[in-house]
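J.: Structure for the following, please:
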Amino acid sequence: MKTMLTLNRVSALPIFVLTSFFQLHAQPARVVVDNVPDLRACVSRPAGPPLVCALRSSSAPYEVSGEPITIQRADTTVEADVQAGQTPPMLKRTDGSMKKIIWVTKSATNVTIQNLQFDGTKSITPPKDSHYFDISAEGSDIQILNNYFGNSSFYCVYIGGSHVTVRNNTFGAFLSGGETRTAPGLDTAVKAWGANATQFTVDGNKISHYRGAMSITNVPNGSDPASASVINNNTLYHNAICVPDCGGGQILLGSSSNIKVTNNSINGGWNENENRNTLHSYGLEIHDTSYVYIGSNQIFNNSLSGIWVGNGSHHITIENDNVYENGLNGVQVAAGGRLRPVSDISIIGLKSRHNDQHRGPGGPFPTLPRFWGVMIQNEGPQSVCIQTDSDLEQNARGAIFAERRGGYSLSAACPRPYN
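T.: Here you go, the predicted structure:
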């Protein structure tokens with residue numbers, strides 16, 4: 001009788017109430033596929049309830065040619081269907097004219113791509129065409145999680161929309177039989193560009209053997225720390241394979257704003273590089289960028305300076321970073337000549353040691369002052385504040401070099417231009 005009473009109560013509810021109840025408690029539809037045409041058909045379903053398109057594990061890559069796998073609908077997940085001990089399935093570009101493997105269009109929201117592998121097949125694509133992506137994330141609220149990327153044609157992940165999260169991926173390697181094997185990419189692992197690429201998160205990734213790990217350019221995101229983009233807890237190694245005169249930072253921030261770079265390990269792999277005497281590599285490069293917080297990073301073994309800040313950059317806080325065993329200087333503040341002056345830069349609690357590693361006579365920038373904890377080239381009066389709790393002495397030339405008198409100040413309490 002108790003069961004009958006419950007059923008009667010439910011059946012007595014209006015139809016629209018019952019419909020709303022079951023919609024709220026319905027699980028996403030999950031469709032398992034074992035070929036690319038069925039995967040395309042799955043993600044192309046009409047708009048509706050949440051949908052999961054799961055690609056079955058396979059001993060052979062899934063070859064993708066012609067048009068990209070295009071996601072336009074909201075609330076869509078593309079993931080691996082993998083049993084214990086199986087290798088995640090791989091999507092492999094086999095068409096040199098196909099510029100995107102997966103394309104999340106501007107109209108798509110709440111999309112997740114996870115637990116897959118992507119082979120960009122750089123050998124079949126033009127080497128300098130920057131319009132090649134493994135995943136192009138142009139919609140909003142997109143999550144790219146726990147994937148492997150290798151042999152990338154140019155960019156692995158392109159961020160062109162808002163609130164994109166790139167987390168716990170491995171770039172520059174594939175997974176097979178429980179072991180990883182190196183698969184270097186061509187240019188950059190993560191690229192964010194344009195006015196729509198705001199409030200992104202790049203967190204917990206492993207990136208190795210690219211020309212650069214991350215390139216963030218032309219992303220205006222205001223100055224409110226509450227809406228900052230975040231680059232956090234990533235492990236970077238040997239992302240500078242291009243020589244000579246094509247250097248940059250493993251992380252490049254250019255013509256952008258409102259970014260926090262925290263708790264990353266940025267290892268240039270310089271001492272192990274066969275081109276160590278001609279390699280151009282900064283750990284972190286900040287070019288014409290404002291409202292940046294750099295905190296608690298380990299930046300080491302880069303052929304040039306650990307951190308480069310210059311050409312009009314302003315409102316930069318560098319705090320509690322450990323910058324060591326780089327080949328030029330710990331922190332380099334660059335202005336003058338063709339580079340516009342910087343302003344409002346505070347260096348707080350910096351540990352900058354042994355940035356004096358041997359470089360051969362053919363090393364880059366032979367005329368620059370080198371082997372300092374902080375090296376400053378700037379025209380602005382006291383535009384750089386160095387807090388006295390910083391540890392800068394243990395470099396071959398000493399703590400601070402200033403090319404122009406009045407280029408910096410020392411203080412027991414520097415202001416925070418940005419948190």
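J.: Every contact and neighbour count from this point should use C-alpha atoms.
T.: Will do.
J.: so where is the stretch 101-250 of the chain shaky, pLDDT-wise?
T.: For the stretch 101-250 of the chain, the stretches flagged by pLDDT under 70 are 242-247.
J.: Residue 38 sits in which helix or strand?
T.: helix 36-43 (DSSP states H and E).
J.: buried residues in that helix?
T.: 36, 39-40, 42-43 (16 or more other C-alpha atoms under 10 Å).
J.: do stretch 352-369 as well
T.: Within stretch 352-369, the residues scored as buried using 16+ other C-alpha under 10 Å are 352-357, 359, 363-364, 369.
J.: The helix or strand following the helix holding residue 38 pairs with which strands?
T.: Using DSSP H and E, the helix or strand that follows helix 36-43 in sequence is strand 51-56. Take DSSP bridges as the rule and strand 51-56 pairs in its sheet with strand 29-33 (parallel), strand 76-81 (parallel).
J.: Kindly reformat the ones you listed as JSON lines containing mean pLDDT.
T.: Listed next are these as JSON lines, based on pLDDT from 0 to 100:
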{"stretch": "strand 29-33", "mean pLDDT": "97"}
{"stretch": "strand 76-81", "mean pLDDT": "98"}
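J.: out of those strands, deepest packed?
T.: Of all the strands paired with strand 51-56, strand 76-81 carries the top mean neighbour count, a mean of 24, counting by mean count of other C-alpha atoms under 10 Å.
J.: For that strand, what is the distance to the chain centroid?
T.: 22 Å (C-alpha atoms, centre = their mean, to the nearest Å).
J.: show me where the chain has helices.
T.: Per DSSP state H, the chain carries helices over the ranges 2-11, 15-25, 36-43.
J.: list the helices and strands the last one packs on?
T.: Read it as helix 36-43. strand 51-56, strand 62-64, strand 69-71 (3 or more C-alpha pairs under 8 Å, 6 or more residues apart in numbering; DSSP states H and E).
J.: I'd like the mean pLDDT over the first one, please.
T.: For strand 51-56, the mean pLDDT works out to 98.
J.: Now do the same contact list for residue 142.
T.: By C-alpha atoms under 8 Å, 6 or more residues apart in numbering, the residues touching residue 142 are 109-112, 163-165.
J.: for those, which one is nearest residue 224?
T.: Proximity of the contacts of residue 142 to residue 224 (C-alpha to C-alpha) peaks at residue 163, which lies at 15.4 Å.
J.: That closest one against residue 192, yeah?
T.: No: counting by C-alpha atoms under 8 Å, residue 163 does not reach residue 192; the two are 11.5 Å apart.
J.: Now do the shared contacts for these two.
T.: With C-alpha under 8 Å, 6+ apart as the test, residue 163 and residue 192 reach no residue in common.
J.: thinking again about what came up before, would you list the helices and strands packed on helix 36-43 in CSV and tack on mean neighbour count and distance to residue 186?
T.: As requested, the helices and strands packed on helix 36-43 are arranged in CSV below (neighbours: other C-alpha atoms under 10 Å; distance: least, C-alpha to C-alpha, whole Å):
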stretch, mean neighbour count, distance to residue 186
strand 51-56, 22, 26
strand 62-64, 19, 19
strand 69-71, 22, 22
